[in-house]
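K.L.:
The following comprises the amino acid sequence and a computationally predicted model.
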Amino acid sequence: MSLHDSLTKYMGSISTTLFAAELGKNGGFITFSNSGKRGEIKSFTISLYAFLSAFNDIKNDIGKFVSHTNYIETEWRDFSADFNDLTVKSTITVQTKSLFVTMSKLVAWANDRAPDKFNDQTIEITSESIAKTIEKISQLMGCYSVQKDKLVTPQLISEVALKEFLAKSHFDFTQAGLRVSDSLLLRFGASLLAKRFLILTGLSGSGKTKLAHAFASWLTESEDQYRLVAVGADWTTNESVIGYQDALQPSLYRKPSNGLLEVILRAAADADRPYFLILDEMNLSHVERYFADILSAIESRQEIALHASAESLKSCENDTLLVPSKISLPKNLFIIGTVNVDETTYMFSPKVLDRANVIEFRATAEDISAFLDNPSAVDMDILAGKGAAFGAAFVAEAATEVRLNAATAAELKARLTEVFAELKHIGAEFGFRTAYEISRFIHFHDKLTGEGWQFNDALDAQVLQKLMPKLHGSQRRLEPVLKALAIFCESHQCHASLEKIGRMQDRLKDGFTSFAEA
């Protein structure tokens, strides 16, 4: 009997008790109910990823949990702070008993306990029982992973997928040894959903390229769906990105050897799955020289001219990925550029910065200390395809027109109008495109966060990622604007933006400052 059938049968055999639970028909999620004592019976759905995260939290602090095997509502509700998964955190505070009983059932099933002996007032917590539970749930999750470039289970619907997206990605990245915070992953995901072009900047070796590579590998089913390419200083034309028609043999099209065009062509032919272009050290050459066509196509959705022939061209006799004369930038194509700032690179123009969210990477002394406690490389093999079930939902959401609810829209209007007036003093005000993209980010930041979402957290991210990257200039020009922005950020709890403003103000003492830090 498969693990899926085993758990389904086990849950069914004790479904007559209060707090019935069942494994979803397609796997991956468990739906359980409350007692119904205070009115109608309600159901709740939590992914296996969230349960696995919760049991790992128990394992890592077993001494604290082992003395609470009997159900006492106040004690288990207080454990909310000890769980890292956001869904578990929120559910255990309002549906404490129903979640407790479901976790108890999982432990009993994993440890082969007789269903007729099940007691919903206790949970078996020992090092052995929890380790066995983690092992069995991990094996069960493997039943729904990618195998031979094909998903075993149907794609999850968008609403459910995004509900679990953040917890699942953070768990998998942690398992692979990639140190990334929930807040960074949240901003990363919301930025890509809001706009399919994202810039990562900051200290060399701080994890920019690794995160981009890990995310693309995690969300896709095959390496054919992404390409990581190092930009060269000799990229002076668009031929390095889209290639060219051979002048001596017009029937042939010379694709760039880096594979960028092939990813674009594959994405165009496979609209439901995500594809990624990752351009490492994007500013080693002038971006406008080699990437102008792509930048324009991102905004205008106009076709990019590739060659003048009436028919699609091959690159060689056996080429099956033909090149059309024109191509639109596929809506399932996501572009991530990494940026290092030093004497060998070029600064991005406001034209480029205005077209993307810019996420800055920094390493603190605490980060370095934590890494040195257990230095290890990221295991990319662990990540490959683990989040592919979210791929179709991610693509669908990124292409969706969004509308904020009335209260959030009014709040955003007030805040953006306020900050616009301050930026206008130095000609750094923003246009309609920026306002539109900020509203999209707010929407997806809310959707990925779920319960407990705070508007000011999303506003903080957008001040930092959309409004501040274009700021640079002399002390005379920027000092009053940074001071006004600091007051704005203090008033609206934009803590990350305020910290960045402080660093920029410190550098003003040298007479000049900019968002980019070498």
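P.N.:
Alright, I've got the coordinates.

K.L.:
Under the pLDDT cut-off, which ranges of the stretch 51-200 of the chain? List them.
P.N.:
Under the criterion pLDDT under 70, the flagged ranges of the stretch 51-200 of the chain are 86, 143-163.

K.L.:
how does it look with 80?
P.N.:
85-87, 90, 94, 141-164 (pLDDT under 80).

K.L.:
can you give me the strands in it?
P.N.:
146-147, 150-151, 197-202 (DSSP state E, counting those that start in this stretch).

K.L.:
Need the CA coordinates for the last one. PDB is fine.
P.N.:
What it means is strand 197-202. Coordinates of the C-alpha atoms in strand 197-202 are reproduced here as PDB (Å, rounded to 0.1, in the frame of the first residue of the first chain):
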ATOM      1  CA  PHE A 197      12.000  42.100 -14.100                       C
ATOM      2  CA  LEU A 198      14.000  42.200 -10.900                       C
ATOM      3  CA  ILE A 199      17.400  43.600 -10.000                       C
ATOM      4  CA  LEU A 200      19.400  42.200  -7.100                       C
ATOM      5  CA  THR A 201      22.200  44.500  -5.900                       C
ATOM      6  CA  GLY A 202      24.700  44.600  -3.100                       C
END
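
K.L.:
Tell me the gap between that strand and the middle of its chain.
P.N.:
In this view, strand 197-202 has its centroid 13 Å away from the chain centroid, taken as CA atoms, centre = their mean, to the nearest Å.

K.L.:
which element is residue 436 on?
P.N.:
Element membership for residue 436 (DSSP states H and E) is helix 432-449.

K.L.:
Which strands or helices does that helix pack on?
P.N.:
Where contact means 3 or more CB pairs under 8 Å, 6 or more residues apart in numbering; DSSP states H and E, helix 432-449 is packed against helix 158-175, helix 182-194, helix 406-424, helix 455-462. C-betas here are computed from N, CA, C, even on glycine.

K.L.:
The stretch 151-300 of the chain: helices as residue ranges?
P.N.:
In the stretch 151-300 of the chain, helices defined by DSSP state H, counting those that start in this stretch lie at 158-175, 182-194, 208-219, 239-242, 260-268, 287-300, listed in chain order.

K.L.:
Report the secondary structure state of residue 22.
P.N.:
Secondary structure for residue 22, judged by DSSP: H, G, I helix; E, B strand; the rest coil, is strand.

K.L.:
So what pairs up with it in the strands?
P.N.:
In this structure, residue 22 has the following beta-bridge partners (DSSP bridges): residue 31.

K.L.:
What's the separation between it and residue 51?
P.N.:
14 Å (CB to CB, to the nearest Å).

K.L.:
Now the common contact residues for these two.
P.N.:
Common contacts of residue 22 and residue 51, defined by CB atoms under 8 Å, 6 or more residues apart in numbering, comprise residue 30.

K.L.:
who has more neighbours, these two?
P.N.:
Regarding residue 22 and residue 51, a neighbour count based on other CB atoms under 10 Å identifies residue 51 as having more, with 24 against 16.

K.L.:
doesn't residue 30 make contact with that one?
P.N.:
Yes - when contacts are counted by CB atoms under 8 Å, residue 51 is listed as touching residue 30 (6.8 Å).

K.L.:
anything in contact with each of these two?
P.N.:
By CB under 8 Å, 6+ apart, residue 51 and residue 30 have these common neighbours: 102, 106.

K.L.:
Kindly state which of the helices and strands packed on helix 432-449 is positioned closest to residue 368.
P.N.:
Comparing these by their distance to residue 368 (CB to CB), the top pick is helix 182-194, with 16.4 Å.

K.L.:
ok, and the closest non-adjacent residue to residue 61?
P.N.:
Nearest non-adjacent residue to residue 61, counting by CB to CB, 6 or more residues apart in numbering: residue 82, 6.3 Å away.

K.L.:
Can you get me a residue count around the one you found?
P.N.:
A total of 16 residues lie near residue 82 under the criterion other CB under 10 Å.

K.L.:
how much space between it and residue 53?
P.N.:
Distance of residue 82 to residue 53, computed by CB to CB: 12 Å.

K.L.:
Likewise for residue 370?
P.N.:
From residue 370 over to residue 53 the distance is 19 Å, taken as CB to CB.

K.L.:
more neighbours, these two?
P.N.:
residue 53 (22 against 12).

K.L.:
who's in contact with the more buried one?
P.N.:
Counting by CB under 8 Å, 6+ apart, residue 53 touches 83-85, 88, 167, 171.

K.L.:
rewinding a little: tell me which of the helices and strands packed on helix 432-449 approaches residue 332 most closely.
P.N.:
helix 182-194 (11.6 Å).

K.L.:
From the rest of the structure, what touches that closest one?
P.N.:
Contacts of helix 182-194 (CB under 8 Å, 6+ apart): 84, 86, 165-166, 169-170, 173, 198, 211, 215, 334, 336, 357, 359, 394, 397-398, 437, 440-441, 443-445, 448-449, 457-458, 461, 465.

K.L.:
now with 6 Å?
P.N.:
For helix 182-194, the external contacting residues (CB atoms under 6 Å, 6 or more residues apart in numbering) are 166, 169-170, 198, 334, 357, 397-398, 437, 440-441, 444-445, 448, 461.

K.L.:
Could you do stretch 75-89 as well?
P.N.:
Under the contact criterion CB under 6 Å, 6+ apart, stretch 75-89 has outside partners 46, 50, 53-54, 57, 68, 92-93, 96, 100, 167.
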